[in-house]
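Trainee: the following comprises the amino acid sequence and a computationally predicted model.
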Amino acid sequence: HGVMLVGPTGGGKTTCYEVLQDALTKLAEAGDPNPWYKPVHTYVMNPKAVSMGELYGEVSLATGEWTDGLMSTRVRHCVNEGNKTEDHQWIMCDGPVDALWIENMNTVLDDNKMLCLANSERIKLSPYIHMCFEVQDLAVASPATVSRCGMVFVDPKDMGWLPFYQRWIRDL
């Protein structure tokens with residue numbers, strides 16, 4: 001239910017998923033009958049850049065009201081879109097893995113595909129929502145989390161120097 005693109009910065013992880021996104025979208029637009037060929041919508045966030053409350057949501061100590069976080073808001077949006085269309089919704093978590101935020105994703109990554117929030121609410125993900133992680137390493141990820149995801153290791157040594165040169169020339 002999840003995919004982890006693993007490798008150092010500048011290794012081509014983002015390019016890998018962008019190429020796949022473009023290919024699936026263009027094949028769908030071309031009318032290919034394969035049911036996996038659907039338009040892809042990506043939503044990128046860095047979970048490590050915000051607090052746990054800002055990521056998943058929290059109860060205000062002053063008012064006692066629940067406020068959704070970035071992840072819960074995005075998942076709700078994708079579930080609503082999934083009710084309207086069968087397009088792929090990729091939620092991309094781009095940034096370092098932290099033992100706290102990644103462990104909270106275990107129920108999303110297992111067969112239940114359920115985001116469990118601190119207010120006891122559970123959001124069921126549709127079959128068209130896919131969790132993707134763009135990380136440098138898995139040093140702090142537990143075996144339980146790693147075992148729930150497909151792994152793609154992207155080694156910049158496989159690219160060589162030519163893509164860097166071509167990008168540099170293009171950006172001049």
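Mentor: Yep, that arrived.

Trainee: tell me where the protein has strands.
Mentor: 2-6, 40-45, 57-59, 66-68, 88-94, 114-116, 122-124, 129-135, 149-153 (DSSP state E).

Trainee: mind listing what's buried in the helix or strand of the chain with the lowest mean pLDDT?
Mentor: Least confident element among the helices and strands of the chain, by mean pLDDT, DSSP states H and E: helix 162-171 (a mean of 84). Within helix 162-171, no residue qualifies as buried by neighbour count (16 or more other CB atoms under 10 Å). To be clear about C-beta, it is placed using only N, CA and C from the backbone, and glycine gets the same treatment.

Trainee: need the CA coordinates for that helix. CSV is fine.
Mentor: C-alpha atoms of helix 162-171 as CSV (Å, rounded to 0.1, in the frame of the first residue of the first chain):
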residue,chain,number,x,y,z
LEU,A,162,25.4,13.3,-18.0
PRO,A,163,22.0,14.2,-16.4
PHE,A,164,23.7,16.8,-14.1
TYR,A,165,25.4,18.3,-17.1
GLN,A,166,22.3,18.4,-19.2
ARG,A,167,20.3,20.0,-16.4
TRP,A,168,23.0,22.6,-15.9
ILE,A,169,23.1,23.4,-19.6
ARG,A,170,19.3,23.6,-19.7
ASP,A,171,19.1,26.0,-16.7
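
Trainee: and the contacts of it?
Mentor: G12 (CB atoms under 8 Å, 6 or more residues apart in numbering).

Trainee: off-centre distance for it?
Mentor: Here helix 162-171 is found 27 Å from its chain centre; the criterion is CA atoms, centre = their mean, to the nearest Å.

Trainee: do the same with stretch 98-116
Mentor: 12 Å.

Trainee: what does stretch 117-129 give?
Mentor: The chain centroid and the centroid of stretch 117-129 are separated by 15 Å under CA atoms, centre = their mean.

Trainee: and it, end to end?
Mentor: 18 Å (CA to CA, to the nearest Å).

Trainee: in it, what counts as buried?
Mentor: Quick answer for stretch 117-129 (16+ other CB under 10 Å): 117, 123, 125, 128-129.

Trainee: quick check: mean pLDDT across that stretch?
Mentor: The pLDDT scores in stretch 117-129 average 93.

Trainee: residues contacting it, please?
Mentor: Against stretch 117-129 from outside (CB under 8 Å, 6+ apart): 38, 56-59, 66, 72, 75-76, 78-79, 82-83, 85-89, 91, 108, 112-116.

Trainee: skipping its backbone neighbours, what lies nearest the residue nearest the centre of the chain in space?
Mentor: When CA atoms, centre = their mean is applied to the chain, the residue found nearest the centroid is M92 (2.4 Å). Distances taken as CB to CB, 6 or more residues apart in numbering place V44 nearest to M92, at 4.4 Å, with adjacent residues excluded.
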